[in-house]
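>>> sequence and predicted structure, then a few things I'm wondering about:
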Amino acid sequence: MDTTPSPATLAAAVHIDSTHPAVVELAARAQGGSDRERAVSLYHLVRDGYRYDPYRIDLSERGMRASTVIENGYGWCVPKAALLAAVARAAGIPARVGYADVRNHLSTQRLRDLLKTDLYIWHGYTELWIDGRWLKSTPAFNIELCERFGLLPLEWDGTADSIYHPFDRAGRQHMEYVNQRGTFDDVPRRRIAEDFARTYPDWIEGAGGGEDLFQKDVERETR
């Protein structure tokens with residue numbers, strides 16, 4: 001059952017820093033007259049304007065802020081979901097972040113070696129309050145990456161939930177949701193960082209590796 005948005009879903013938070021000048025400027029680029037139209041516009045701005053990069057993760061407070069995605073020009077699912085929530089709030093649309101554990105059947109060999117599992121915990125998405133209900137929206141994979149990886153670009157029209165498709169263009173299994181962790185008014189950074197340290201010690205220690213390394217791995221493996 002949908003619940004009425006709390007004041008916190010419109011307020012700035014530590015990681016969903018919706019009053020940051022760069023966030024406010026991005027929110028002002030939203031096109032359309034209704035909340036639904038502006039939310040869809042913001043979704044595409046975040047999805048395609050900032051590259052998805054799971055190699056360069058930063059679990060510090062600064063690293064998980066929405067404004068840092070804008071500064072860096074890239075992010076992974078958790079901060080990109082925070083960015084969509086932040087620009088939505090800056091545009092006057094209630095928003096919060098949600099998380100699920102998923103099995104990802106498509107990734108790079110380097111990422112598989114680092115994680116040692118196909119289970120991705122704390123996969124981030126955004127919920128926005130549109131026309132009297134909460135709708136899920138997932139802005140992680142930019143369209144160029146989807147095309148290179150043979151994934152179906154995840155679209156969202158502001159009328160229904162938008163989460164990862166179960167299959168890619170070739171009919172191979174892609175994402176399987178195995179556990180919902182709920183929604184939050186701000187990124188639960190400490191819980192995510194603690195769980196990542198226990199679950200993916202090699203990912204945390206081996207993250208990084210230089211600019212666009214993830215993109216280069218994708219291009220090499222899909223050539």
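That came through fine.
>>> contacts, neighbours, all on C-alpha from now
Will do.
>>> quick one, strands of this protein?
Taking DSSP state E as the test, the strands found in the chain are 51-52, 74-75, 95-104, 119-130, 133-137, 175-184.
>>> tell me which residues touch the closest residue in space to Leu114 that isn't next to it in sequence, please.
Distance criterion C-alpha to C-alpha, 6 or more residues apart in numbering; nearest residue to Leu114, sequence neighbours excluded, is Trp203 at 4.8 Å. Residues counted as contacts of Trp203 (C-alpha atoms under 8 Å, 6 or more residues apart in numbering) are Leu111, Leu114, Leu115.
>>> could you dump those into a markdown table with distance to Trp122 and neighbour count added?
Formatted as a markdown table, those follow (distance: C-alpha to C-alpha, whole Å; neighbours: other C-alpha atoms under 10 Å):
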| residue | distance to Trp122 | neighbour count |
| --- | --- | --- |
| Leu111 | 16 | 19 |
| Leu114 | 17 | 17 |
| Leu115 | 14 | 19 |
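>>> between the strands of the chain, which one is closest to His44.
Checking these against His44 by C-alpha to C-alpha gives strand 133-137 as the closest, at 10.5 Å.
>>> give me the sheet partners of that closest one and which way each runs.
Strand pairing for strand 133-137, using DSSP bridges, gives strand 119-130 (antiparallel).
>>> pull out the buried residues from the partner strand.
Going by neighbour count (16 or more other C-alpha atoms under 10 Å), the buried part of strand 119-130 is Leu119, Tyr120, Ile121, Trp122, His123, Gly124, Tyr125, Thr126, Glu127, Leu128, Trp129, Ile130.
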